[in-house]
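J.: this one's sequence-less:
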């Protein structure tokens, strides 16, 4: 679906359905928010299930990513406001937000800034703060192939490094490499800098009143389980699910377990 959000063109995947814009709000709405140097395609399995089981699904390419128009937004706060502008553009009052990595920070910030617009949030592969090591930040700006290799090395569990994939004939690292390589110049550095600069504190999460699920990979080396546990402990009533054996790229490495966690939490 091609629409306009904040006076710019935007692409929003809708889970294999073709809803009329004025009918999106007729069902419960879920928004899936991708991570750094990614786009909507990382959510294909999870979003399609909900789109075919009674939900309106919005899976946007954030500005500058994938088929999204404009330049990449330079802060998590700006991305959170953009998600709310997306809801405005399709006439949706409230939605559940599901975010991965950088997208988890966007969902978290949207819930903090716009609580009246958010029904529930799911934070997958999250950490607060989410610092980016200087070598990765530098490579994201000046040597993208090196940055892609670094991300791929740290995104998957040990078993994921050996060609395993839930979809026969596909290679986890190769698929993710091509996904990152197809993003536009400048996106990688902007995303990494936004994560690195995000300054919301764990203490501030005590004010979040919507239901929260935190999903962690048991072998995540980028946002370790202890970081996810700290977020869950800081939010009143938050639930924590740890998916054993998975690294940071949970939707690809443990798609069924991620989907099961969402199905259990969202309705």
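T.: Here it is on my side, so go on. This is a predicted model, so every value here is computed, not measured.
J.: and residue 243, what does it touch?
T.: The contact partners of residue 243, taken as Cβ atoms under 8 Å, 6 or more residues apart in numbering, are 215-218, 250, 254, 257-258, 261. The C-beta positions use only the backbone N, C-alpha and C, and glycine is treated the same way.
J.: Okay, and which of these map to helices?
T.: 250, 257-258, 261 (DSSP state H).
J.: sorry, back to before: let me have the contacts of residue 243 in a markdown table, extended by neighbour count.
T.: Converted to a markdown table, these look like this (neighbours: other Cβ atoms under 10 Å):
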| residue | neighbour count |
| --- | --- |
| 215 | 28 |
| 216 | 27 |
| 217 | 29 |
| 218 | 15 |
| 250 | 24 |
| 254 | 23 |
| 257 | 18 |
| 258 | 26 |
| 261 | 21 |
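J.: contact partners of stretch 110-119?
T.: By Cβ under 8 Å, 6+ apart, the residues outside stretch 110-119 that reach it are 28, 77, 80-81, 83-84, 87, 93-97, 107, 121, 200, 204-205, 207-212.
J.: rerun that using 7 Å as the cut-off
T.: Contacts with stretch 110-119, where a contact means Cβ atoms under 7 Å, 6 or more residues apart in numbering, come from 80, 83-84, 87, 94-97, 121, 200, 207-210.
J.: now the helices for the stretch 101-250 of the chain?
T.: 102-113, 134-142, 144-155, 172-181, 187-197, 225-234, 250-253 (DSSP state H, counting those that start in this stretch).
J.: in the shortest one, what's buried?
T.: It stands for helix 250-253. Of the residues in helix 250-253, those buried under the neighbour-count criterion (16 or more other Cβ atoms under 10 Å) are 250-253.
J.: circling back to that earlier point, could you export the ones in helices among the contacts of residue 243 to CSV, including columns for distance to residue 157 and pLDDT?
T.: Rendered in CSV, the data for the ones in helices among the contacts of residue 243 read as follows (distance: Cβ to Cβ, whole Å; pLDDT from 0 to 100):
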residue, distance to residue 157, pLDDT
250, 10, 95
257, 12, 96
258, 14, 97
261, 17, 98
